[in-house]
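Trainee: sequence first, predicted model second:
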Amino acid sequence: MDKLLVHGGTSLSGSINISGSKNASLPILAAALLTDQQVVIERVPDVSDTNYMLQILSALGCEVERYSGTVKITAADIHPEAPYEIVRKMRASICVMGPLVARLGRASVSIPGGCVIGDRPIDLHLKGLQAIGAHIDTEGGNILIEAKEGLEGQEVDLSGKHGPTVLGTDNLLMAAVLTEGITVIESAACEPEVVDLANFLISMGAKIEGAGTRRITIQGVTSLGGTHHTVIPDRIEAGTFMVAGAMASQSGITLNRICQDQLTGATQKLIEAGHLVKFNKTGDSVTVQP
């Protein structure tokens, strides 16, 4: 698709169901690599990035079934080499590094865009994995991560000049759940998507405290089991439609399947601008009016 043509002039009205979060779905899908048992994930949005992630998981040996927004993954017989031809299409494919090295002791991932070692966000991913005992070699755009002697819990500071790293926190969190001892992540990202990943891992048997704060503590376990999880709503999509309801509607629009706690910033700004924002009692539906 080269462009979108929008023919305006019509007032928006009615209601819409908000999708599951793409940014939460991607690391959660990758986390299925941590167990040989089946995981079932609900409300996975049908977008190119989630489709690419499922292709990567299939290429790694996972059995993948998808029915509308429900995905079933079984990673019983997997290998550690992620194929470049798929990985290059999506930056979030680096999320498979942590689960692979934790489960198999080895991961080989070609990073999108070729060689990214240097002043780039991938450095914090590697810093975290190295801190808990992974050995990393790079050649061109390919990164080989090994933990021949196993991984060991440590206190890891993930601070960087660009602030906390969401995917870097995700990668270290996924690696640490199967790491011997206690891992403490300082300067962790605290976005709702990180919390959703932590809740998914906890439902598999992981021991995690502090998700949603700058300090996350993980007590490693020997194995994880299967689970059934529903992805959180997409707060970016919800915020976009809230603005649309305020700016391009006469009667207002209603958004369903949302989470009120994730929309405090958008809500505050719209109210400050004079718009009416009304949530239902359970906080999973909101109506926005001009």
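Mentor: Received, thanks.
Trainee: number of nearby residues for His228?
Mentor: A count of nearby residues for His228, using other CB atoms under 10 Å, gives 12. For the C-beta atoms, the positions are set from N, CA and C on the backbone; glycine is no exception.
Trainee: need phi/psi at it.
Mentor: phi -130, psi 120 (degrees, to the nearest 10).
Trainee: spatially nearest residue to it (excluding sequence neighbours)?
Mentor: Val40 (4.5 Å; CB to CB, 6 or more residues apart in numbering).
Trainee: which residues in the stretch 51-200 of the chain form strands?
Mentor: 63-67, 70-74, 81-82, 106-110, 135-139, 142-146, 155-157, 182-186 (DSSP state E, counting those that start in this stretch).
Trainee: contact partners of stretch 193-204?
Mentor: Outside stretch 193-204, the residues within contact range by CB atoms under 8 Å, 6 or more residues apart in numbering are 21, 23-24, 27-28, 31, 34-35, 39, 41, 166, 169-170, 173-174, 177, 188, 206, 208, 211-212, 216, 224-229, 231-232.
Trainee: write a ChimeraX command that selects only the buried members of these.
Mentor: With 16 or more other CB atoms under 10 Å as the criterion, this ChimeraX line picks the buried residues out of the contacts of stretch 193-204:
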select :21,23,24,27,28,31,34,35,39,41,166,169,170,173,174,177,188,206,208,211,216,224,226,227,229,231,232
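Trainee: just the ones in strands from the contacts of stretch 193-204, please.
Mentor: When DSSP state E is applied, the contacts of stretch 193-204 are split such that Val39, Ile41, Ile208, Ile216, Thr227, His228, His229 fall in strands.
Trainee: output the below-cut-off pLDDT ranges for this structure.
Mentor: 1, 112-121 (pLDDT under 70).
Trainee: which strand is the longest one in it?
Mentor: The chain, longest strand under DSSP E: strand 249-256.
Trainee: show me what the next helix or strand after it is packed up against.
Mentor: For strand 249-256, the succeeding helix or strand toward the C-terminus, using DSSP states H and E, is helix 264-272. With contacts taken as 3 or more CB pairs under 8 Å, 6 or more residues apart in numbering; DSSP states H and E, helix 264-272 sits against helix 235-247, strand 276-279.
Trainee: mind listing what's buried in helix 264-272?
Mentor: Residues of helix 264-272 classed as buried: Ala266, Thr267, Leu270 (neighbour count, 16+ other CB under 10 Å).
Trainee: got the contact list for the last one?
Mentor: Residues in contact with Leu270, defined by CB under 8 Å, 6+ apart, are Met242, Val243, Ala246, Val277, Val288.
Trainee: from Cys259, how far off is the fourth one?
Mentor: When you say that, I think you mean Val277. From Val277 across to Cys259, the span is 14 Å (CB to CB, to the nearest Å).
Trainee: tell me which of those two has more neighbours.
Mentor: Using other CB under 10 Å as the criterion, Val277 and Cys259 rank with Val277 on top: 20 against 17.
Trainee: which ones are touching the more buried one?
Mentor: Per CB under 8 Å, 6+ apart, neighbours of Val277: Met242, Thr267, Leu270, Ile271, Val286, Thr287, Val288.
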